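In: Pasting a predicted model and its sequence here:
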Amino acid sequence: MTTAAAVAGTRTGKPRPATMAQALGRALRDSMAEDPSVHVLGEDVGTLGGVFRVTDGLAKEFGDDRCTDTPLAEAGILGAAVGMAMYGLRPVVEMQFDAFAYPAFEQLISHVAKMRNRTGGAMPLPITVRVPYGGGIGGVEHHSDSSEAYYMATPGLHVVTPATVDDAYGLLRASIASDDPVIFLEPKRLYWSKAAWSPEAPAPVEPIGRAVVRRTGRSATLITYGPSLPVCLEAAEAAVAEGWDLEVVDLRSLVPFDDETVAASVRRTGRAVVVHESAGFGGPGGEIAARVTERCFHHLEAPVLRVAGFDIPYPAPMLERHHLPGVDRVLDAVARLQWEADS
């Protein structure tokens, strides 16, 4: 039984172990079943079911005209999606890997992000662009990029990234339903993460633009998203032995950004560390740190710190464990916060 069909076949409503990939596949299936204007297109999404098998079974259930294999031409794929959206459809585009999406940037920046503003709101483009991103799977360059900063810097786009099975389903459903274009970043290393989940009764997810506190604490706030959430939660547990009680905020949405939830957390703890896989220079952490500083300056007991990937092209697989933020680097940053406060 295919991934989508296996999850779709669960009718008891009782939670059972499910992977993020299965939850994403179910979100696509449910969106297509409820709305005939939803079409899926991309390289190998049909017969193969996608490189990560997220689209397994969709072509069989809905036909090749609604789950369509495309040529290896990302600019053409997204250009076709623009035309589809202009004529009333809701295309969901899969970019096979993060760095494979770059040839489509001209379409994305010149048309997808600008069309609603260009037409005075008369022509929204409800396009969801699914991008498997990030490292941790032993992939080489072009297969492990963290490209979120590019999308964040493009006005007109929503940028969303789930870190849990529940959010994978709920945020993808919300993204497909949005009348604004959404870059939906899927952490590759979390595709096989599991949680008890019922496709018949998924946990409610707030609209795009809301962060959530995954762990409460008093010593400092770890601000993170996507593939770095498990790292931060592990670091928070390890920090207990050091006498630190760390709060962990999962952003879920990078654009719109939930200043309210993030600022409220930092005001409680007085310290903050931003953790992400993307490079530090010019990365999301700089913008996040600036927003936190602007809103929480008089509550901060130390500067906002960042733990990020190094400022290099993605390294060879044998080196990625050094490149990606890990528990030790996060705890080192927390220790620096303590030193800054005491000095």
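Out: Arrived safely, thanks for sending.
In: and the protein, what are its domains?
Out: 14-197, 212-342 (automatic domain parsing).
In: Using the three-state scheme, assign P207.
Out: coil (DSSP: H, G, I helix; E, B strand; the rest coil).
In: Nearest residue to it in space, ignoring adjacent ones along the chain?
Out: A174 (6.2 Å; C-beta to C-beta, 6 or more residues apart in numbering). C-beta: built from backbone N, CA, C; applies to glycine.
In: Looking at the protein, which strand is longest?
Out: strand 272-279 (DSSP state E).
In: Which residues in the helix or strand that contains V334 does the neighbour count mark as buried?
Out: Assigned by DSSP states H and E, V334 falls within helix 327-342. Buried residues in helix 327-342, counted by 16 or more other C-beta atoms under 10 Å: 327, 329-331, 333-334, 337-338.
In: Likewise for stretch 234-250?
Out: Going by neighbour count (16+ other C-beta under 10 Å), the buried part of stretch 234-250 is 235-236, 239, 244, 246-250.
In: can I get those in a markdown table with distance to H276 and secondary structure?
Out: Below are the buried residues of stretch 234-250 laid out as a markdown table (distance: C-beta to C-beta, whole Å; DSSP: H, G, I helix; E, B strand; the rest coil):
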| residue | distance to H276 | secondary structure |
| --- | --- | --- |
| A235 | 14 | helix |
| A236 | 16 | helix |
| A239 | 19 | helix |
| W244 | 20 | coil |
| L246 | 16 | strand |
| E247 | 17 | strand |
| V248 | 13 | strand |
| V249 | 12 | strand |
| D250 | 12 | strand |
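In: ok, those residues vs P91, which is closest?
Out: Ranked by distance to P91 (C-beta to C-beta), the buried residues of stretch 234-250 are led by D250 at 27.9 Å.
In: residue ranges for the strands of the protein, please.
Out: Ranges of strands in the chain, per DSSP E, are 16-19, 38-42, 67-69, 90-94, 128-133, 158-160, 182-187, 194-197, 212-215, 220-224, 246-250, 253-255, 272-279, 305-309.
In: rewinding a little: mean confidence for the helix holding V334?
Out: The pLDDT scores in helix 327-342 average 87.
In: Alpha carbons only: can I get that helix in PDB?
Out: Taking Å, rounded to 0.1, in the frame of the first residue of the first chain, the C-alpha atoms of helix 327-342 are listed here in PDB:
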ATOM      1  CA  VAL A 327      23.500  20.200  21.200                       C
ATOM      2  CA  ASP A 328      27.000  21.200  22.300                       C
ATOM      3  CA  ARG A 329      27.100  24.400  20.300                       C
ATOM      4  CA  VAL A 330      23.600  25.400  21.600                       C
ATOM      5  CA  LEU A 331      24.700  24.800  25.200                       C
ATOM      6  CA  ASP A 332      27.900  26.700  24.600                       C
ATOM      7  CA  ALA A 333      25.800  29.700  23.500                       C
ATOM      8  CA  VAL A 334      23.700  29.400  26.600                       C
ATOM      9  CA  ALA A 335      26.800  29.400  28.700                       C
ATOM     10  CA  ARG A 336      28.000  32.500  27.000                       C
ATOM     11  CA  LEU A 337      24.700  34.200  27.800                       C
ATOM     12  CA  GLN A 338      25.200  33.400  31.400                       C
ATOM     13  CA  TRP A 339      28.800  34.800  31.300                       C
ATOM     14  CA  GLU A 340      27.600  37.900  29.600                       C
ATOM     15  CA  ALA A 341      25.000  38.500  32.200                       C
ATOM     16  CA  ASP A 342      27.500  37.900  35.100                       C
END
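In: tell me the angle of it relative to strand 272-279?
Out: Per axes from the mean of the first three to the mean of the last three C-alpha atoms, to 10 degrees, the angle that helix 327-342 makes with strand 272-279 is 140 degrees.
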